[in-house]
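Novice: Compute the structure for the input listed below.
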Amino acid sequence: MPHPVVASKNKQIFGMNPNVFFLGLVSLLTDISSELIFTLVPLFLCNVLGAKTAVVGFIGGLSDSTDAVFRIISGWFSDKIGKRKGLAGAGYTISNLVKPLMYFAGSWGAVAGIRFGDRVGKGIRTASRDALIADSVSKEQRGRGFGLHRAMDTSGAFLGLLAAALIIYLVQGPDASLLTRESYRWMVLVATVPGILAVLVLFTLVREYQKSVTDGGSTVPVAAVAKPQLDKRFFLFLAVMGLFTLGNSSDFFLILRAQNVETPLLQVVLMLVLFNLTYSLISLPMGILSDKLGRRRVIIAGWLVYALVYLGFALAGNMWQIWILFAAYGVYYGIVEGAAKAFVADMVPAERRGTAYGLFNGVIGLMALPASLIAGWLWDAVSPAATFYLGAGLAFVAMLGILFLVKERTR
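Specialist: Numbering: from 1, shown residues only. Take a look at the predicted model:
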């Protein structure tokens, strides 16, 4: 049988294993595609299909939760077989096959079904991809590695939203208030190209990275060695993340909040561009900072920013305030996303990283559905502000949880 291609430790890009860069490029291209198709789904549902806010919350939560089970299973399976690339490739392929079907969507049920398929693909790929990144960098570079990946991923979102803004400008003009079906279909068509390129890059440039460990004096593949158990500290972190995520409803509600204060459609898209720009610029420096100061401190700082941003969304009444809040929301993401994934790698043995990332992403996904259902109910039954007050409150409680329950250990 042919042996898997092993990623080279000698060749480096930006001082790291090439896998980090090429997986970042795959994410960049995928995010160009996904942002064009899915970021404006709440406006497509409300403006084009006439769906209620509760339906938007349901689809947002469903899309975030659907992949949870697949993340857990695929992460465990990647540890069992000792390989990551094949599962990541399968997931990216599934997502990029179903996304173009949004061109034909004519009901909220069709949107939910297509989004379900896309999330299945994401569930299959995410844990394996994250484990492959963690496998490809040293402990001292984990924050930097995940920070670079998040920066490239978010640069794709930035470019995708710029393309969406350009399409809206060309099709509807600068003063349009509602999204039209024609604009949306052009977005789907344009998005198909980077989606295909992402799959090609993954299968041609990303390499399987198979570590070996010493067992009784002989070197054997990781997959052949008994797997150590995940410890209590990791599960405490999962519990705290679950609590935080219960208040972190779908970002669909941020888009609806912007439209709620009568922001023109083009400006809503440009606000998302600003969000992704700040996210991209912050990710790598914050990842490097987490290597130096410790992950827990950086995560706590990020959750504090999140709580303040959600309080701002609750109180905002003017368009200029929404602009500032979207920029600040990007700062939160840039601080936390890379540091949290590096923290997972710090807490678990290499042989269990696939399982750990599956559980980590799975908990976040499973909590996303109730979070968005509660947010949608609060929006309709109480007020839009109530949705954001809940998120801010739970973020503060989560800060206390990670501060007192999850200890940072130096290996």
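
Novice: pLDDT of stretch 51-61, averaged?
Specialist: Averaged across stretch 51-61, pLDDT comes to 78.

Novice: In which helix or strand does the closest residue to Asp67 other than its chain neighbours reside?
Specialist: Once flanking residues are discounted, Asp67 sits nearest to Gly123: 2.8 Å by C-beta to C-beta, 6 or more residues apart in numbering. Quick note: C-beta positions are derived from backbone N, CA and C, even for glycine. Element membership for Gly123, per DSSP states H and E: helix 108-135.

Novice: tell me which residues in that helix are buried?
Specialist: For helix 108-135, the neighbour count (16 or more other C-beta atoms under 10 Å) marks 108, 111-112, 114-115, 117-135 as buried.

Novice: list the helices and strands it packs on?
Specialist: Contacts defined by 3 or more C-beta pairs under 8 Å, 6 or more residues apart in numbering; DSSP states H and E place helix 108-135 against helix 18-38, helix 53-81, helix 85-98, helix 142-172, helix 319-347, helix 353-381.

Novice: how about a cut-off of 7 Å?
Specialist: helix 18-38, helix 53-81, helix 85-98, helix 142-172, helix 353-381 (3 or more C-beta pairs under 7 Å, 6 or more residues apart in numbering; DSSP states H and E).

Novice: so for that helix, what's the average pLDDT?
Specialist: Mean pLDDT, helix 108-135: 89.

Novice: Run a quick neighbour tally on Ala157.
Specialist: By other C-beta atoms under 10 Å, 26 other residues sit near Ala157.

Novice: Return the distance of it relative to Leu230.
Specialist: Remark: distance between Ala157 and Leu230 (C-beta to C-beta, to the nearest Å) = 31 Å.

Novice: neighbours around Thr204, how many?
Specialist: 8.

Novice: so it sits in a strand?
Specialist: No. Read with DSSP: H, G, I helix; E, B strand; the rest coil, Thr204 is helix and lies in no strand.

Novice: Next up, the contacts around it.
Specialist: Residues counted as contacts of Thr204 (C-beta atoms under 7 Å, 6 or more residues apart in numbering): none.

Novice: what does the model give the closest residue in space to Tyr103 that isn't next to it in sequence for pLDDT?
Specialist: Using C-beta to C-beta, 6+ apart and skipping the chain neighbours, the partner closest in space to Tyr103 is Val188 (4.4 Å). As predicted, Val188 sits at a pLDDT of 96.

Novice: Likewise for the one 3 residues further on?
Specialist: Predicted confidence (pLDDT) for Ala191: 95.

Novice: Next, it: phi, psi?
Specialist: The phi/psi pair for Ala191 (degrees, to the nearest 10) reads phi -70, psi -20.

Novice: That one: what's its closest spatial neighbour, skipping adjacent residues?
Specialist: Leu36 (3.8 Å).

Novice: follow-up on the earlier one: and the helices and strands packed on helix 108-135: which comes nearest Ile255?
Specialist: helix 53-81 (9.2 Å; C-beta to C-beta).

Novice: angle of the closest one against helix 108-135?
Specialist: 40 degrees (axes from the mean of the first three to the mean of the last three C-alpha atoms, to 10 degrees).
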